[in-house]
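Engineer: When you get a sec, could you give me coordinates for this:
(2 chains)
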Amino acid sequence: MVYLELKMKESIDMFELLDQQKTLRTGVIHTLHGDLYSPFFMPVATKGSIRGISPNEMLTEVQSQILLMNTYHLYLRPGYEKVRKLGGLHTFTTWPKPILTDSGGYQVFSLSKIRKLTEEGAEFRSHIDGSKHMLTPEESIRTQYYLGSDIIMVLDECPPGGSSRAYIQKSLELTTRWARRCREELDRLCEADGRQAGERPLLFGIVQGGIYEDLRKESLAQLQEIGFDGYAIGGVSVGESRSDVLKVIQWIAPLLPSDKPRYLMGLGKPEEIVYAAFLGIDMFDCVIPTREARHGTVYTWKSADKEGDVHRYLDALEETSQQAKLPAESFFDIVRIQNEKHEYDMTPIDCYADWKGADQYGKAYIRHLFQVKEHVALEYLSRHNLYFYLEMMQYIRSYKS
RNA sequence: GUGGCCAUAGUUUAAUGGUAAAACAUCGGGUUGUGGUUCCGACGUUACGGGUUCAAUUCCCGUUGGCCACC
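Structural biologist: Numbers count the residues shown, from 1 in each chain, chains lettered A, B, ... in the order given. The predicted structure is shown next:
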């Protein structure tokens, strides 16, 4: 009884709700490597680094609170045993703040050539050397645990957008069985290492169910029965229409436990993040700011009153989010650096950006560097988009209705 | 001066007596739990003038331009 009370208290303390404005909430998550103020965005450091930006710069300049790293990639290279010997990801990469790792499942499905899905796990061949591997729920958890992750994700199956209702139902049940095995494996590892509550990494479950409201609810109920430190919405924006994506978020976000962090996996565009944050999502990750930057697309502010623009967008969401729609007026613009109209334009990419170096180069020069494939241009644009995203999150957190 | 070879997209090259193809470049768009150089689309009066033919980028003659060899 005392133990149960202690356990309940612990799980409540791990996440604290600080404030709520309409359906938008701000909070703090306590992890083994410090506190995270939500809503926040997690830049994707696939193999232990954001492409072209050092961990030190992410810490001191970009000032990200957390990085996401990919278990699939780190499992294959350098492998978790090597990372463990080197002191874990934080020591290895010199990144001192929290790290969230994914389960590796998503990449097994999207990258590896041959795969076979069984009750036991996902069999796949490495995209690097073709070697055969078996990713089970237990192996995924062991890998994330020994990498030294602060927030561990369960292994799940993420069916593509067009999957049938019958398949999605079967799939989410498998995901639940895997989630239970993940829970048990992490508990076992922590107990073996004598870790008390509060000394353990957090484990998040993943709600599946595609575009079906009842299946989403069923998936969530099954996961809650097992019990997790946080709940993620998975299987979103994997091929469905934009309106379906918005609908799924609108349905499921309010149903996620309010005393636990809520994580929307893999999204999204700036307006989608503001939309989901308004509906009560706390955590985000997406490759868009860095991948689009490498392909020449950057997000820029519309006016000098950046914070006001984001807040007005949030105001407008009170109406539109009820119909699962986005407000008509945006708070940002898109610049494609390769466009010819920038050929003689010596003004900065974003005259309202105020990160160090944002006004250093004119568009004409960046465009030139981009066209001749100078890596420095890709890094500059990645840096710009990451600053944009993190600044946007800051304005979401400062919202008062 | 004589002989030979060549001329196709911005560039480098295909092809065929019957609506000209690719790569790269250029231009425009895409990218949502990252295979670092990605994906999709657009862009041509086949050097010029004549001839043969139902039909010529293709065959013939000439013009212009380029390359090679010889004197």
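Engineer: how close does the residue lying closest to A:Pro254 once chain neighbours are set aside get to A:Glu173?
Structural biologist: Once flanking residues are discounted, A:Pro254 sits nearest to A:Gly280: 6.2 Å by Cβ to Cβ, 6 or more residues apart in numbering. Placement of C-beta: from N, CA and C, glycine included. The spacing between A:Gly280 and A:Glu173, counted by Cβ to Cβ, to the nearest Å, is 26 Å.
Engineer: Please apply the same query to A:Leu220.
Structural biologist: For A:Leu220 relative to A:Glu173 (Cβ to Cβ), the value is 13 Å.
Engineer: Looking at the two now, which is surrounded by more residues?
Structural biologist: A:Leu220 (21 against 16; other Cβ atoms under 10 Å).
Engineer: Name the helix or strand for the more buried one, please.
Structural biologist: helix A:213-226 (DSSP states H and E).
Engineer: and that helix, which residues are buried?
Structural biologist: Residues A:Leu215, A:Arg216, A:Glu218, A:Ser219, A:Leu220, A:Gln222, A:Leu223, A:Gln224, A:Ile226 are the ones in helix A:213-226 that count as buried (16 or more other Cβ atoms under 10 Å).
Engineer: Point to the residue nearest the middle of chain A.
Structural biologist: A:Asp285 (2.3 Å; Cα atoms, centre = their mean).
Engineer: if I pick it, what's in contact with it?
Structural biologist: Neighbouring residues of A:Asp285 by Cβ atoms under 8 Å, 6 or more residues apart in numbering: A:Phe41, A:Met42, A:Pro43, A:Val44, A:Leu68, A:Leu100, A:Met265, A:Gly266.
Engineer: nearest spatial neighbour of it, skipping sequence neighbours?
Structural biologist: Excluding the flanking residues, the one nearest A:Asp285 by Cβ to Cβ, 6+ apart is A:Met42, at 4.1 Å.
Engineer: where's the one you found relative to A:Asp19, distance?
Structural biologist: 21 Å.
Engineer: More neighbours: which of the two?
Structural biologist: Neighbour tally, A:Met42 and A:Asp19, criterion other Cβ under 10 Å: the higher count belongs to A:Met42, 22 against 11.
Engineer: Check whether the more buried one really touches A:Pro289, as I assumed.
Structural biologist: No - judged on Cβ atoms under 8 Å, A:Met42 makes no contact with A:Pro289 at a distance of 11.0 Å.
Engineer: For the stretch 101-250 of chain A, what lies in contact range of RNA strand B?
Structural biologist: Residues of the stretch 101-250 of chain A found near RNA strand B (Cβ under 7 Å from any atom of the strand) are A:102-103, A:105-107, A:110-111, A:113, A:127-128, A:153, A:156, A:158, A:206, A:232, A:234-238, A:242, A:245.
Engineer: Which residue ranges of the stretch 201-350 of chain A form helices?
Structural biologist: A:213-226, A:242-252, A:270-278, A:288-294, A:306-320 (DSSP state H, counting those that start in this stretch).
Engineer: meant to ask about the stretch 51-200 of chain A, not that
Structural biologist: Applying DSSP H, counting those that start in this stretch to the stretch 51-200 of chain A gives helices spanning A:55-60, A:71-76, A:80-85, A:88-93, A:105-110, A:137-147, A:165-192.
Engineer: looking at those, which has the lowest confidence?
Structural biologist: Of all the helices of the stretch 51-200 of chain A, the minimum mean pLDDT falls on helix A:105-110 (a mean of 85).
Engineer: what distance separates it from the middle of the whole chain?
Structural biologist: 15 Å (Cα atoms, centre = their mean, to the nearest Å).
Engineer: Give me the contact list for stretch A:140-149.
Structural biologist: Contact partners of stretch A:140-149, identified using Cβ under 8 Å, 6+ apart, comprise A:69, A:71, A:74-75, A:80-81, A:83-84, A:87-91, A:99-101, A:103-105, A:152-155, A:182, A:185-186, A:189, A:201, A:203.
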